[in-house]
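J.: Generate coordinates for the sequence data below:
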Amino acid sequence: MLPLRARMKSHAVLTLINALIFIMLSVSYFDYLPANLTPLDWGYIFIATAGQMGLLAGLLGFVSLPLGLIKSTLVRVLSTSAIFTIALIILYGDTQVFAQYRFHIQPVLVEMIFSGGIVEFSAANYLFAASLIMLVFALQCGIYWLILTRGCDHLKLTGRAIAYLLLLCVVATHAVHIWASANAVNSITNFSCFLPLFYPATANRLMLKYGLVNEAELAQQNKLKIDNHSNLSYPLAPITYEPVTPTNILFIVIDSWRHDSFSAEVTPNIWQYAQNGQVFKQHYSTGNATRAGIFGLFYGLPSTYWHSFYHNRQSPIIMDRIQQLDYQLGIFSSAHLIKPEFDETVFVHVPNLRVRSKGATKPSRDIEITQEWLEWDKHKDPTRPAFSFLFYDSPHGYDFPEDYPNKFEPQVSRMDYLNLNNDTDRLPILNRYNTSVHFNDSLIGKVLTQLKESGELANTLVVVTGDHGQEINDNKLNFWGHNGNFTDPQIKVPFIMFGADLKSGVNQYVTDHMDLVPTLMQTYLGSTSPAENYTAGYNLFKRDLERRKWLILSSYSDYALVNENSILHVSGTQGGYQYMDRHNHSKEGKPDFQQLNQAYELMKRYLE
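T.: Below you'll find the model as predicted:
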């Protein structure tokens, strides 16, 4: 049995070895750094990475120290190795998440994964995960056993030097960040998003006291932060209405629908009906994630308002008006409505809300909501207007039934996210994705056919769109999915309106999801109030669309100002920004601060 002091030394050595492993593993985050970094930036990056990973390993070592003092060698090795194994697996998983989405593992992401809201794992995925965990655990046990059997006295000086060096890196990191934050040096402060659990210090008030602050730049940066907890002033004034004869309304939303996957080949049913309606060729979501896209579609506001509306449990004006007109409500969503919390925002006042489907897979749930809608439509009261919402999910997972006959080839047999990289052939993946969209189109075709054959299409406005796009490495920057950047593949979506005797036409103006609310409120729901009292969008049937010079979009934490030539990607929590071209490459020069101030005012308009 080792004496207590020897056990503490052995545990410290294991912690330092894991710190070095953490550092080596975290180098993978560097693959996604901007290209135009200076030597000062790179120096900070290396120091910050070493310091942060050393700090995380040190905290883990401190927390697990009681296990390292257990007298039984076997129990000590197994329990301590298990703790470091879990930490390494989580860090590895975080590198994979970051590679796909450019953000780290978050509680909301974990909840959505385990609820089936993001990806459904195959048996091969589980087998790989189990094998990886066992391998890492075996290596941890082996390393710890070698430390215990060979002793660590000969590592005393080396270990102490490494520990002091990592501590110095921690101190230097926070000191440099304090200076960079006070002077709005974005190339340094923006790096905070690249490392997990990295919250470097700021001391802007202290720096201001000693005149060490760039006040103008700091004020601009602070101005850009999202206010997540303000009270609402929504609408700005009570809405007035004139009497209307209500029109039935049907929203059909396809999760992760790329703008170029709306075609006669990929979506033949939607395409056929669209020829007799309005097609908007330059349409954008209000974000690159489901929460942002659905929020903008129903509220007609930038999705930077999400947190304020969620904290206040504020329903959208359009749903309030629909319920005021005694519409029958049919809400059918393949993915559940709990995360994101649409049951507490968009549909907060919908009685007996259907929040979850029963099917085990995305295709089975998509079939389920189609069948339920068809039954609901047959049995609804013909004397009352109807509003329904169909939210399909299969393209989100590149999924369709195994026996689905209409497949685009060649295609991958399944989505293996762990093996995607910048050199992966995108065509087989795009073909699998398009097959999933084609499958959803076949279900939507049944819905539209029933509307047409029943004669209800003439009195039903049908809106078909996506909540956001889906990038399949379009920009050759290793983005596979969404919620990672604000380029067109992730934010541009199809948008079609037909039925209700709507005339046919193709619109080339830039439109976005916020425009649907004023269109419905003014054209179909009888609103006579100025649209700006409740929305930041424009009526799709008026010429106001010519005024739009930029778009404001958001993800789960950040937002972006997108204009014809650039993307200004802003950290919603820190206010730091990256200035890029429309393909997500760093762009020289400064953003258009006049547009930025207009966006800022819009983001504050409905807050008290």
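
J.: C-alpha only now, for contacts and for neighbours.
T.: Will do.

J.: contacting residues for Ser527?
T.: For Ser527, the contact set (CA atoms under 8 Å, 6 or more residues apart in numbering) comprises 239-242, 521.

J.: Out of those residues, which sit inside helices?
T.: Met521 (DSSP state H).

J.: Dump the contacts of Ser527 to JSON lines, plus distance to Ser315, pLDDT and neighbour count.
T.: Putting the contacts of Ser527 into JSON lines (distance: CA to CA, whole Å; pLDDT from 0 to 100; neighbours: other CA atoms under 10 Å) gives the following:
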{"residue": "Ile239", "distance to Ser315": "14", "pLDDT": "96", "neighbour count": "16"}
{"residue": "Thr240", "distance to Ser315": "18", "pLDDT": "97", "neighbour count": "10"}
{"residue": "Tyr241", "distance to Ser315": "18", "pLDDT": "97", "neighbour count": "14"}
{"residue": "Glu242", "distance to Ser315": "22", "pLDDT": "97", "neighbour count": "10"}
{"residue": "Met521", "distance to Ser315": "15", "pLDDT": "98", "neighbour count": "21"}
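
J.: where do the strands sit along the stretch 451-600 of the chain?
T.: With strands called from DSSP state E, counting those that start in this stretch, the stretch 451-600 of the chain shows them at 460-466, 471-472, 480-481, 495-498, 505-512, 550-554, 559-563, 567-570, 577-580.

J.: Format those as JSON lines; extra columns: mean neighbour count and mean pLDDT.
T.: Shown next, in JSON lines, are those (neighbours: other CA atoms under 10 Å; pLDDT from 0 to 100):
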{"stretch": "strand 460-466", "mean neighbour count": "23", "mean pLDDT": "98"}
{"stretch": "strand 471-472", "mean neighbour count": "24", "mean pLDDT": "97"}
{"stretch": "strand 480-481", "mean neighbour count": "22", "mean pLDDT": "92"}
{"stretch": "strand 495-498", "mean neighbour count": "23", "mean pLDDT": "98"}
{"stretch": "strand 505-512", "mean neighbour count": "18", "mean pLDDT": "94"}
{"stretch": "strand 550-554", "mean neighbour count": "25", "mean pLDDT": "95"}
{"stretch": "strand 559-563", "mean neighbour count": "24", "mean pLDDT": "94"}
{"stretch": "strand 567-570", "mean neighbour count": "24", "mean pLDDT": "92"}
{"stretch": "strand 577-580", "mean neighbour count": "22", "mean pLDDT": "88"}
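
J.: now those in TSV, with distance to Ser303?
T.: As requested, these are exported to TSV (distance: least, CA to CA, whole Å):
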stretch	distance to Ser303
strand 460-466	15
strand 471-472	20
strand 480-481	20
strand 495-498	18
strand 505-512	12
strand 550-554	6
strand 559-563	9
strand 567-570	14
strand 577-580	18
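
J.: and His379, how many neighbours?
T.: The number of residues packed near His379 is 9, by other CA atoms under 10 Å.

J.: same check, this time on Leu127
T.: Leu127, neighbours per other CA under 10 Å, totals 11.

J.: Regarding it, which helix or strand does it belong to?
T.: Under the criterion of DSSP states H and E, Leu127 resides in helix 123-150.

J.: Of the strands of the stretch 451-600 of the chain, which is nearest Ala138?
T.: strand 480-481 (32.3 Å; CA to CA).

J.: Of all the residues in the strand or helix carrying Gly93, which ones are buried?
T.: Using DSSP H and E, Gly93 falls within helix 73-101. Judged by neighbour count using 16 or more other CA atoms under 10 Å, the buried positions of helix 73-101 are 76-85, 87-89, 91-101.

J.: Same check on stretch 423-434?
T.: Those would be 426, 428-434, for stretch 423-434 by 16+ other CA under 10 Å.

J.: what's the average pLDDT for the strand or helix carrying Asp366?
T.: When elements are assigned from DSSP H and E, Asp366 belongs to helix 362-379. Here helix 362-379 scores 97 as its mean pLDDT.

J.: what helices or strands is that helix leaning on?
T.: In this structure, helix 362-379 packs against strand 328-333, strand 386-392, helix 427-454, with contacts taken as 3 or more CA pairs under 8 Å, 6 or more residues apart in numbering; DSSP states H and E.

J.: 7 Å instead?
T.: Counting contacts by 3 or more CA pairs under 7 Å, 6 or more residues apart in numbering; DSSP states H and E, helix 362-379 packs against helix 427-454.

J.: quick check, distance from the helix it packs on to the centre of its chain.
T.: 24 Å (CA atoms, centre = their mean, to the nearest Å).

J.: now that helix against helix 362-379, angle please.
T.: 10 degrees (axes from the mean of the first three to the mean of the last three CA atoms, to 10 degrees).

J.: Of all the residues in helix 427-454, which ones are buried?
T.: So for helix 427-454, counting by 16+ other CA under 10 Å, buried means 428-445, 447-448, 451.

J.: residues contacting Asp255?
T.: Residues in contact with Asp255 (CA atoms under 7 Å, 6 or more residues apart in numbering) are 392-393, 395-396, 466-468.

J.: for these, which one is nearest Tyr559?
T.: His468 (14.2 Å).

J.: returning to what we had before: what's the closest of the strands of the stretch 451-600 of the chain to Arg291?
T.: The nearest among those, by CA to CA, is strand 550-554 at 9.3 Å.

J.: Which strands or helices does that closest one pack on?
T.: By 3+ CA pairs under 7 Å, 6+ apart, strand 550-554 packs against strand 559-563.

J.: The strand it packs on pairs with which strands, parallel or anti?
T.: strand 550-554 (antiparallel), strand 567-570 (antiparallel) (DSSP bridges).

J.: How about residues contacting that strand?
T.: So strand 559-563 is contacted by 549-554, 567-572 (CA under 7 Å, 6+ apart).

J.: any chance of those residues in JSON lines, plus distance to Leu418?
T.: Shown next, in JSON lines, are those (distance: CA to CA, whole Å):
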{"residue": "Lys549", "distance to Leu418": "39"}
{"residue": "Trp550", "distance to Leu418": "36"}
{"residue": "Leu551", "distance to Leu418": "33"}
{"residue": "Ile552", "distance to Leu418": "32"}
{"residue": "Leu553", "distance to Leu418": "28"}
{"residue": "Ser554", "distance to Leu418": "26"}
{"residue": "Ile567", "distance to Leu418": "29"}
{"residue": "Leu568", "distance to Leu418": "30"}
{"residue": "His569", "distance to Leu418": "27"}
{"residue": "Val570", "distance to Leu418": "28"}
{"residue": "Ser571", "distance to Leu418": "27"}
{"residue": "Gly572", "distance to Leu418": "29"}
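
J.: Looking at those, spot the one nearest Ile162.
T.: Ser571 (33.5 Å).

J.: Can you give me the distance of the closest one to Ala201?
T.: 16 Å (CA to CA, to the nearest Å).

J.: Check Tyr273 too.
T.: 56 Å.

J.: the more surrounded of the two?
T.: The residue with more neighbours, out of Tyr273 and Ala201, is Tyr273; 18 against 15, by other CA under 10 Å.

J.: Wasn't the more buried one part of a helix?
T.: Yes. Counting by DSSP: H, G, I helix; E, B strand; the rest coil, Tyr273 is part of a helix.

J.: for the helix or strand hosting Ala161, packing partners?
T.: Per DSSP H and E, Ala161 falls inside helix 156-182. Helix 156-182 makes packing contacts with helix 39-63, helix 186-189 when contacts are defined by 3+ CA pairs under 7 Å, 6+ apart.
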